[in-house]
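> need coordinates for the following:
(one chain, ligands or ions: 1)
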Amino acid sequence: MSSLSPKTLLLRLGLRPKKALGQHFLLHPHQARRIVAALNLTGADTVVEIGAGLGALTGLLAPAARRVIALERDPELARFLAEDLLVEPPGVEVICQDVLTFDFPGAAREAGRPLAVVGNLPYQITSPLLFTLIRDVAAIAQAVLMMQLEVGARLTASPGTKDYGILSVLVQYHFRVTRLFSLSPGNFYPPPQVDSVVLRLVPETPASVALDAALLHQLVKAAFGHRRKTLNNTLVSGAAAFGLSPEAMRGILAELNIDLKRRGETLSVAEFVAVSNQVARLRGIM
Ligand code: SAM
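From the prediction side, this is the model:
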């Protein structure tokens, strides 16, 4: 991999960082090493790297994994990477593709095992990417992701706090989330406007399992649709969306000792699962 700084490298390539693609390149190899070390890779792992950029992480991943699938949406960077990596150890495949269209289950099937996922994420795709990882959770062994500090705070937030939202519930339902370390803007070229944080997500069988994951997602979205509204005004008034009468939904909440005057943002992941399972059961017998 090139030892030139991202700024010099881009200048030589006649390129400028593209804001629309969230291009903020890691400046310091020791920070890249911390991210890669957090994956604890074995030589049997297949790694999917999201937004390989100028290869700050790619060059370190290659010797540690069996195969690296380096996704990069920017054709100019993908071309540079593919050429630069020609001199690197084998096992790296650079694919010029939007990660949001990547076939994680297909890649896991091909690898014969769930994938390790890593990336210094382009911040604008963080939420859709997390929903993709939730959808494809069976194909994922772990993910180490750098994201905007505020989004990271949402993933680790507790019920009743300002950061707790749809993403908190759904990510925490599917993954054990660990905050690893944060990085200030000075660690990137060009520096972003915000601080960043690196998190590890490991799929986990939840303490209480949702009978119908799609229903759980729908319920969480409905409960957070209007943050200031009480459950009476979200889930009960909107019970028809779940195929239930308001009375039936009220009954479910009463049975679970969940006060109708509470707001969705105060419900724990386990409470959301309990409501969702009661809805599923009731629908099953109606
Ligand atoms: N990994 C490099 C590093 O740490 O220096 C670059 C990280 S930079 C924050 C994000 C990278 O993701 C950019 O190279 C950008 O072009 C790429 N990117 C942006 N949107 C993408 C998408 N939808 N799919 C794949 N790559 C994308």
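
> give me the beta-bridge partners of Arg200?
Val144, Thr178 (DSSP bridges).

> how close does it get to Ile35?
Separation of Arg200 from Ile35 (CB to CB, to the nearest Å): 10 Å. The C-beta positions use only the backbone N, C-alpha and C, and glycine is treated the same way.

> helix or strand next in line after the helix or strand hosting Val198, which one?
Using DSSP states H and E, Val198 sits in strand 196-203. Sequence order places helix 213-225 as the next helix or strand after strand 196-203, per DSSP H and E.

> Ala222 contacts Val236, correct?
No. Judged on CB atoms under 8 Å, Ala222 makes no contact with Val236 at a distance of 10.5 Å.

> tally of neighbours for the residue of the stretch 1-150 of the chain found nearest the ligand?
Proximity of the stretch 1-150 of the chain to the ligand (CB to the nearest ligand atom) peaks at Gly51, 2.1 Å away. Gly51 has 25 neighbours, counted by other CB atoms under 10 Å.

> list the residues that contact it.
Neighbouring residues of Gly51 by CB atoms under 8 Å, 6 or more residues apart in numbering: Leu21, Gly22, Leu71, Glu72, Arg73, Val99, Gly119, Asn120, Leu121, Pro122.

> what pLDDT does it get?
As predicted, Gly51 sits at a pLDDT of 98.

> again with Leu86
For Leu86, the model assigns a pLDDT of 59.

> Val273 touches Asp212, doesn't it?
No. Between Val273 and Asp212 there is no contact under CB under 8 Å: 10.4 Å.

> right, and Cys96 touches Glu72 too?
Yes. Cys96 is within contact range of Glu72, at 6.0 Å (criterion: CB under 8 Å).

> ok, the two, which is more surrounded?
Taking other CB under 10 Å, Cys96 and Glu72 do not tie; Glu72 has more neighbours (27 against 16).

> my guess is the more buried one contacts Ala78. True?
Yes. Taking CB under 8 Å as the definition, Glu72 is a contact partner of Ala78 at 4.3 Å.

> shared neighbours of these two, anything?
The contact sets of Glu72 and Ala78 overlap at Ala52, Val94, Ile95, Cys96 (CB under 8 Å, 6+ apart).

> how about the third one: what's its closest non-neighbour residue?
Beyond its immediate neighbours in the sequence, the residue positioned closest to Ile95 (CB to CB, 6 or more residues apart in numbering) is Leu71, lying 5.4 Å away.

> can you name the residues that contact the one you found?
For Leu71, the contact set (CB under 8 Å, 6+ apart) comprises Val48, Glu49, Ile50, Gly51, Ala52, Ile95, Gln97, Asp98, Val99, Phe102.

> can you pick out the most distant pair from those?
Farthest-apart pair in those is Glu49 and Asp98; separation 14.0 Å (CB to CB).

> so the two - more neighbours on which side?
Legend: neighbour count by other CB under 10 Å for Glu49 and Asp98, higher for Glu49 (27 against 10).

> about what we covered before: so which bits of the strand holding Val198 are buried?
For strand 196-203, burial by neighbour count (16 or more other CB atoms under 10 Å) applies to Ser196, Val197, Val198, Leu199, Arg200, Leu201, Pro203.

> perfect, I'm done here.
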